[in-house]
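# pasting the sequence and the predicted model now:
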Amino acid sequence: MPATDCLKAAVLVLCAALIPALWPIAAAAQSPGLTRSQIARIDSVFAPYDAVDVPGCALALSRHDTLVFDHAWGIADLEHAVPITPETIFEAGSVSKQFTAAAVLRLVQQGKLSLDDDVRKYVPELPAYESPITIRHLIHHTSGLRDWSALVAIAGAPRGTRVYTHGHVLDVIRKQRSLNFPVGTQYLYSNSNYNLLAIIAERVSGKTLAQYTKAEFFDPLGMRHTSWRDDYQRVVPGRAQAYGGSEKSWRLQMPFENTYGHGSLLTTVGDLLKWNANLATRQIGGEQLVTLQTTRGSLTNGKEIKYAAGIVIDTFQGLTEIKHDGFTAGYRAYLARYPEPRIAVAMLCNASSVNPTDLARRAVSVILPRHTPEPSIADTIGRKLSGPQLASVQGYYRASLSDDPLHFIPADGRLLMTNGPLFVPITPKHFISATGSTHLLFDDEKRGRVRAWTEGFDSVEYVRAEPPRNATTFGEYAGTFRSDEADATLAVVWEFNGLTLARPSAVKVPMTPIYEDGFWAQGWYVKFIRGRDGKVSALTVTSGGVRNLRFDRVKA
């Protein structure tokens, strides 16, 4: 090896050894508002990523819109040993949605569109459904539109396997003759909504989303490092590469696609805090824009939901939390603001193993006011039910809308969910999970039905289902099934060890029975439909943002 190469190698080794030691010093120097103890606690949260051979995260905290902490752990580019810094650019995943929503709301302020406009006024390519879908429905995820990313996965070409554009997205959505639910009646998160909002913003403004948001938001707020990944081949200096896997098996996991609006914002933790501060300063759009952005949506029955305009209004440790998380390829993100103590957190990571909500909340908890959680109801209940009382509620259930299953069995006077928690009886018909967060209410008037809900979320109705059929009868399910909406064909094969499902990608997956005519197939709920003659005539697939997508049996 030439002497110059030896010198370079020695320098790299020395830098790698010094980086972990220097980072805490930098953090302390940049954190006049935090004590050494607080800094140490935050460092401990990110300890798994404080190394020179793993991807990691950047974190920034503000109090009263003043930066009090910014620091980074891990490597931005494993191939070149480039460390992450607070100035490193990441992709923000669905944190991006609030910027798309803000662009549309800004156009509302400028009198160029209305939230109650029919979406087909701007995107006539869409089918005319029974009720019109409005821009407001898109913003609050109450449109019922199926998630295009789930649809292309069902069709055998999931995101990451090919380059998708908004032209592809429109083509997928316009083929959908039916919706997940009647317009406005439910909330279901769907990326299709925000891709359409980006398309609408461009058609109305006459500018690309990148041009419009740069002029309206990024430049005025000094967000110098923020742009959109609308061309995945563009070189972005200072960008972290994204990785999947873990430990010594990290692999590149980048978003090679040209869709945006639902995600795709390239930014830094510092720029995200500048954006978040606008909720307090009202610099852009004034009070009206902030009010529009933070107003929760509502369903046709008047029920308010947590989702506002690209952000979720939630609570954490007794405080109002205005937040959103993000997942795209190997990138993870979290942005939240706590108005009462006027504290904000921005976190961006390039490791798919990160749980962004958990990690960011653990970090920001260090500077949030002390919180003593109230004891759960389950902790104070010692009640048990008799065998006959439990017999009336045990058994198999399926969700009325999405076909996902529940299975309850008795357990020492209480109710155990298979692959789930133990439920403690409050009354013979009302149970609460041992964690105290999830409730079950069995309905006597609608026999065989149970409502399940977690604190702060809508309830889901489940109906009693019969147990799975005997495996010796599985041959009646075998066959070929076709969906023009998904542009895909599925094959159900009866083999010596049970049923398998051959997806369009030609990968066979086992089908596990979960109740009569219902199966689980590695991410899909598959329910077989019988005709008047009792024979299997179709099946439906539910996966993520797609509910009950019908595949009709193809005759030989």
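On my side now, so go ahead.

# can you give me the neighbour number for Val290?
18 (other Cβ atoms under 10 Å). The way it works is simple: take the backbone N, C-alpha and C, and place the C-beta from them, glycine included.

# hmm, who's touching the host helix or strand of it?
Using DSSP states H and E, the secondary-structure element containing Val290 is helix 286-294. With contact meaning Cβ atoms under 8 Å, 6 or more residues apart in numbering, helix 286-294 is reached by 98, 101-102, 105-106, 108-109, 278-279, 282, 308-311, 313, 322.

# closest one of the residues you listed to Pro504?
Pro504 has its nearest neighbour among the contacts of helix 286-294 in Gly310, at 32.3 Å by Cβ to Cβ.

# tell me how far the closest one lies from Tyr194.
Distance, Gly310 to Tyr194, using Cβ to Cβ, to the nearest Å: 8 Å.

# mutual contacts of these two, please.
With Cβ under 8 Å, 6+ apart, Gly310 and Tyr194 have common neighbours Lys97, Thr100, Ala101.

# any idea which of the residues you listed has the most stuff around it?
Thr100 leads the shared contacts of Gly310 and Tyr194 on contacts (other Cβ under 10 Å) with 30 neighbours.

# residue contacts, it?
Tyr194, Leu197, Ala198, Ala201, Leu209, Gly261, His262, Gly310.

# looking at those, which are in helices?
Judged by DSSP state H, helices contain the following of those: Tyr194, Leu197, Ala198, Ala201, Leu209.

# for Ile284, what are its contacts?
Ile284 neighbours (Cβ under 8 Å, 6+ apart): Glu216, Phe217, Pro220, Leu221, Asn278.

# would you map the helices across the stretch 201-350 of the chain?
Taking DSSP state H, counting those that start in this stretch as the test, the helices found in the stretch 201-350 of the chain are 209-213, 269-281, 286-294.

# and the last one, what's buried?
So the one you mean is helix 286-294. Neighbour-count burial for helix 286-294, counted by 16 or more other Cβ atoms under 10 Å, picks out Leu289, Val290, Leu292, Gln293, Thr294.

# JSON lines please, covering those residues and showing pLDDT and distance to Pro255.
Converted to JSON lines, those look like this (pLDDT from 0 to 100; distance: Cβ to Cβ, whole Å):
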{"residue": "Leu289", "pLDDT": "96", "distance to Pro255": "29"}
{"residue": "Val290", "pLDDT": "95", "distance to Pro255": "30"}
{"residue": "Leu292", "pLDDT": "96", "distance to Pro255": "29"}
{"residue": "Gln293", "pLDDT": "96", "distance to Pro255": "25"}
{"residue": "Thr294", "pLDDT": "96", "distance to Pro255": "28"}
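
# from those residues, pick the one nearest Thr66.
Val290 (19.4 Å).

# what about the helices in the stretch 51-200 of the chain?
Taking DSSP H, counting those that start in this stretch as the test, the helices found in the stretch 51-200 of the chain are 97-109, 135-139, 148-154, 166-174, 191-205.

# which stretch among those helices comes nearest Asn548?
helix 148-154 (12.1 Å).

# could you give the mean pLDDT of the closest one?
Mean per-residue pLDDT for helix 148-154: 93.

# chain center to that helix: distance?
Its chain's average C-alpha position is 15 Å from that of helix 148-154, according to Cα atoms, centre = their mean, to the nearest Å.

# list the contacts of Leu179.
Going by Cβ under 8 Å, 6+ apart, the list of residues near Leu179 reads Tyr129, Ser143, Gly144, Leu145, Arg146.

# er, Ser353 I mean
By Cβ under 8 Å, 6+ apart, the neighbours of Ser353 are Gly245, Ser246.

# just to be sure, it is in a helix?
No. Using DSSP: H, G, I helix; E, B strand; the rest coil, the assignment for Ser353 is coil, not a helix.

# pLDDT score assigned to it?
For Ser353, the predicted pLDDT is 94.

# verify the stated contact: Leu265 with Trp228.
Yes. The pair Leu265 and Trp228 qualifies as a contact (Cβ atoms under 8 Å) at a distance of 6.2 Å.

# what about the two, which has more around it?
Leu265 (29 against 25).

# name the nearest residue to that one, ignoring sequence neighbours.
Ser96 (3.6 Å; Cβ to Cβ, 6 or more residues apart in numbering).

# quick one, what contacts that neighbour?
Tyr260, Gly261, His262, Gly263, Ser264, Leu265, Gly326.

# check Val54 too.
Contacts of Val54 by Cβ under 8 Å, 6+ apart are Pro48, Gly74, Ile75, Leu78, Glu247, Trp250, Ala351.

# low-confidence ranges in this structure?
1-32, 375-379, 444-447, 456-457, 506, 556 (pLDDT under 70).

# domain parsing of the chain, as residue ranges.
As given by automatic domain parsing, the domain ranges for the chain are 1-95+208-370, 377-465, 471-554.

# quick one: which of those domains is nearest Arg136?
Per Cβ to Cβ, nearest to Arg136 of the domains of the chain: domain 1-95+208-370, 7.4 Å.

# distance between the closest one and the chain's centre?
The answer for domain 1-95+208-370 is 16 Å, by Cα atoms, centre = their mean.

# do the same with stretch 382-390
Per Cα atoms, centre = their mean, the centroid offset for stretch 382-390 relative to its chain is 38 Å.

# so what touches that stretch?
With Cβ under 8 Å, 6+ apart, stretch 382-390 has contacts from Pro410, Asp412, Gly413, Arg414, Leu415, Val424, Pro425, Ile426, Pro428.

# ok, so of the residues you listed, who is nearest Gly270?
Nearest member of these to Gly270, counting by Cβ to Cβ, is Val424, at 46.4 Å.

# assumed the closest one was part of a strand.
Yes. Under three-state DSSP, Val424 falls within a strand.

# nearest residue to Val400 other than its sequence neighbours?
I think there's a mix-up here, since residue 400 is Ser and not Val. Distance criterion Cβ to Cβ, 6+ apart; nearest residue to Ser400, sequence neighbours excluded, is Glu461 at 4.7 Å.

# what is whatever helix or strand that neighbour lives in packed up against?
Using DSSP H and E, Glu461 falls within strand 460-465. Packed against strand 460-465 by the contact rule (3 or more Cβ pairs under 8 Å, 6 or more residues apart in numbering; DSSP states H and E) you find strand 395-399, strand 449-454.

# how many residues are close by Ser131?
Ser131: 15 neighbours (other Cβ under 10 Å).

# same check on Leu138?
25.

# out of everything not next to it in sequence, what's closest to Glu476?
Val536 (5.7 Å).

# related to what we said a few turns ago, from the ones in helices among the contacts of Thr100, which single one is nearest Phe519?
Tyr194 (31.6 Å).

# tell me who's in contact with the residue nearest to the closest one when sequence neighbours are not counted.
Spatially, and ignoring its direct neighbours in sequence, Tyr194 is nearest to His262 (4.0 Å; Cβ to Cβ, 6+ apart). Residues near His262 by Cβ under 8 Å, 6+ apart: Ser94, Ser96, Lys97, Thr100, Asn191, Ser192, Asn193, Tyr194, Asn195, Ala198.

# what about the first one, how many residues nearby?
Burial of Ser94, expressed as a neighbour count using other Cβ under 10 Å, amounts to 20.

# quick check: closest non-adjacent residue to it.
Nearest to Ser94 is Gly326, by Cβ to Cβ, 6+ apart, at 4.5 Å.

# so Phe431 is in which element?
Short version, using DSSP H and E: Phe431 is in strand 430-433.

# run the chain-centre distance for the very next helix or strand once past that strand.
Using DSSP H and E, the helix or strand that follows strand 430-433 towards the C-terminus is strand 438-443. In terms of Cα atoms, centre = their mean, the gap separating the centre of strand 438-443 from the centre of its chain is 26 Å.

# tell me which residues of strand 438-443 come out buried.
Thr438, His439, Leu440, Leu441, Phe442.

# from these, pick the one nearest Val82.
When these are compared against Val82 (criterion: Cβ to Cβ), the nearest one is Thr438, at 43.5 Å.
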